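**Q** just a sequence and a predicted model for now, questions to come.
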Amino acid sequence: FLKNDSGGGKVMLKLIRLEWKKNHIGKYIRGAVIMAFVLGLFIFALAFLGIANDPDGTLDAAPGTDVVSAPIELFTSMAFLIYTSVMLASFIVSAYKDKTMNLMFSYPIKRQKILASQMAAVWIFNFCALTLTKLAVYMCVFLGTRTMQSSFAIDFDMGGLSFYLQLILKSVVIVSMSFIALFVGMAMKSSKATIITSFLLIFVTQANVGDFTMAGDRFFPAVLTVISFVFAALSIYNVENKDLI
């Protein structure tokens with residue numbers, strides 16, 4: 001399939017599968033499963049074992065974060081934004097630095113398509129992993145409420161379509177944010193810069209400054225997604241004429 005650059009989507013799918021195989025996707029699957037288990041255990045403890053409570057038994061949470069979806073969205077988003085950035089650093093930035101990208105760019109396929117397939121391979125994997133992790137954590141909390149009292153108010157309905165739509169859209173936003181980190185990492189020619197940028201993105205999007213936070217803004221996710229894909233396009237733009245790192 002590497003004989004020519006025809007076939008469009010079929011070539012892209014084969015390149016994505018090649019990236020998963022080349023980078024041993026099994027180890028990332030195991031990492032995602034372990035992370036999902038730890039997140040589920042931690043959120044369950046927060047909700048039902050009282051570790052989020054003050055000594056007097058009342059919930060120690062800022063206004064607006066006393067609902068159970070707040071810690072679920074916060075901790076899953078933090079974990080997978082970093083995880084996605086780590087994978088992008090490994091798949092792309094490190095490939096430039098250790099010269100394995102030289103081999104990839106020797107294929108009779110446009111460099112832009114190769115780089116796009118690497119980004120897509122990471123994006124698809126982490127979107128699926130984050131979505132499934134959130135579903136698993138919400139299900140753990142839902143089952144816990146059957147027999148235990150939650151410290152947090154239960155503010156989700158797994159029987160409603162809007163729950164799943166919001167879950168998918170939020171996963172898209174979080175995973176796409178990693179493209180900003182990738183752009184910085186490629187510009188600075190550093191895997192560490194990619195990962196550090198992901199931490200900074202968490203602080204910008206999730207942290208509170210007094211009573212101000214972007215986490216609950218209704219329009220911010222849409223704007224952030226657009227910005228993320230702009231950075232994705234910038235990462236690919238003019239790659240045909242750029243020298244390897």
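**A** It's in.
**Q** in this structure, mark out all the strands, start to finish.
**A** 208-209, 212-213 (DSSP state E).
**Q** tell me where this protein is predicted with low confidence.
**A** Scanning the chain for pLDDT under 70 picks out the ranges 1-8, 56, 62-64, 102, 206-218, 238, 240-245.
**Q** swap in 50 and give it another go.
**A** Along the chain, the model assigns pLDDT under 50 to residues 1, 209-212, 245.
**Q** nearest to the spatial middle of it, which residue is it?
**A** Nearest residue to the geometric centre of the chain (C-alpha atoms, centre = their mean): residue 175, 3.2 Å.
**Q** from what I can see that residue touches residue 133, true?
**A** No: taking contacts as C-beta atoms under 8 Å, residue 175 lies outside contact range of residue 133: 11.6 Å. Placement of C-beta: from N, CA and C, glycine included.
**Q** who touches both of the two?
**A** Both residue 175 and residue 133 are in contact with residue 80, where contact means C-beta atoms under 8 Å, 6 or more residues apart in numbering.
**Q** quick check: phi and psi at residue 23.
**A** Backbone torsions of residue 23, given as degrees, to the nearest 10, read phi -100, psi 10.
**Q** so what's the residue nearest to the centre of the chain up against?
**A** Per C-beta under 8 Å, 6+ apart, neighbours of residue 175: 80, 81, 84, 123, 126, 127, 130.
**Q** and the longest helix along the chain, which residues are buried?
**A** Identified as the longest helix of the chain according to DSSP state H is helix 111-144. Neighbour counts over helix 111-144 (16 or more other C-beta atoms under 10 Å) mark 111, 113-123, 125-127, 129-131, 133-138, 140-141, 144 as buried.
**Q** centre of the chain versus it, how much separation?
**A** Relative to the centre of its chain, helix 111-144 is centred 7 Å away, using C-alpha atoms, centre = their mean, to the nearest Å.
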